[in-house]
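[1] Quick one: sequence and predicted model below, then my questions.
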Amino acid sequence: MAEQIIETVEPLPDEKESCFGARAYCPLCGEGTSSAYEKGYALPEGLRRHLTGWGKSHICVVMEAAHQLALDHFHDKFSADEEAQILEPKKRKNERIQSEILIRTGPASEPELLDEIGYFGEPRNKIEWVRAESRLVELGFQISEEERVRQYVL
């Protein structure tokens with residue numbers, strides 16, 4: 001958008017031949033540089049920096065207001081959908097916790113869903129759990145299940 005604004009700007013007539021190059025005031029807010037030796041902003045880079053707020057430039061108040069209005073508009077429009085996207089996986093997880101068998105992997109650990117228990121960062125699948133449980137039985141662990149919580153006790 002800044003590029004389109006810059007394309008429409010007419011350089012200041014007395015600054016076209018200056019040693020500082022073509023200069024122009026911001027067409028949105030009417031501001032120019034704070035320098036006592038120059039008028040307006042250098043075209044195109046000075047005006048681009050003013051419009052975008054790049055570097056140490058003060059952003060154009062009109063562009064800043066437009067940006068904030070856009071953010072507010074899209075926040076109002078999409079925040080409910082974003083919140084629903086965040087809550088949906090939590091809701092599904094809670095439903096699964098209420099219906100599936102949970103695994104307790106330590107005496108003080110909270111019961112977890114089978115596909116959440118990591119083995120070096122990766123969750124085990126059902127086949128790996130069958131192998132792990134059979135190995136635990138071989139090692140002398142007792143498998144008990146109470147209120148959908150399975151635990152392994154030596």
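    It's in.

[2] show me where this structure has strands.
    Applying DSSP state E to the chain gives strands spanning 23-24, 41-42, 102-104, 112-113, 118-119, 122-123, 142-146, 149-153.

[3] Make a markdown table from the ones you listed and add distance to N94, mean neighbour count and mean pLDDT to it.
    C-beta coordinates here come from the backbone N, C-alpha and C atoms, glycine included. Formatted as a markdown table, these follow (distance: least, Cβ to Cβ, whole Å; neighbours: other Cβ atoms under 10 Å; pLDDT from 0 to 100):
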| stretch | distance to N94 | mean neighbour count | mean pLDDT |
| --- | --- | --- | --- |
| strand 23-24 | 59 | 21 | 86 |
| strand 41-42 | 56 | 22 | 85 |
| strand 102-104 | 12 | 19 | 86 |
| strand 112-113 | 11 | 15 | 85 |
| strand 118-119 | 20 | 10 | 64 |
| strand 122-123 | 18 | 12 | 77 |
| strand 142-146 | 20 | 10 | 89 |
| strand 149-153 | 16 | 15 | 88 |
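
[4] nearest to P13, of these?
    Nearest of those to P13, taken as Cβ to Cβ: strand 23-24 at 10.4 Å.

[5] okay if I get the strands of the chain as JSON lines plus distance to G53?
    Shown next, in JSON lines, are the strands of the chain (distance: least, Cβ to Cβ, whole Å):
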{"stretch": "strand 23-24", "distance to G53": "18"}
{"stretch": "strand 41-42", "distance to G53": "13"}
{"stretch": "strand 102-104", "distance to G53": "51"}
{"stretch": "strand 112-113", "distance to G53": "47"}
{"stretch": "strand 118-119", "distance to G53": "44"}
{"stretch": "strand 122-123", "distance to G53": "44"}
{"stretch": "strand 142-146", "distance to G53": "61"}
{"stretch": "strand 149-153", "distance to G53": "55"}
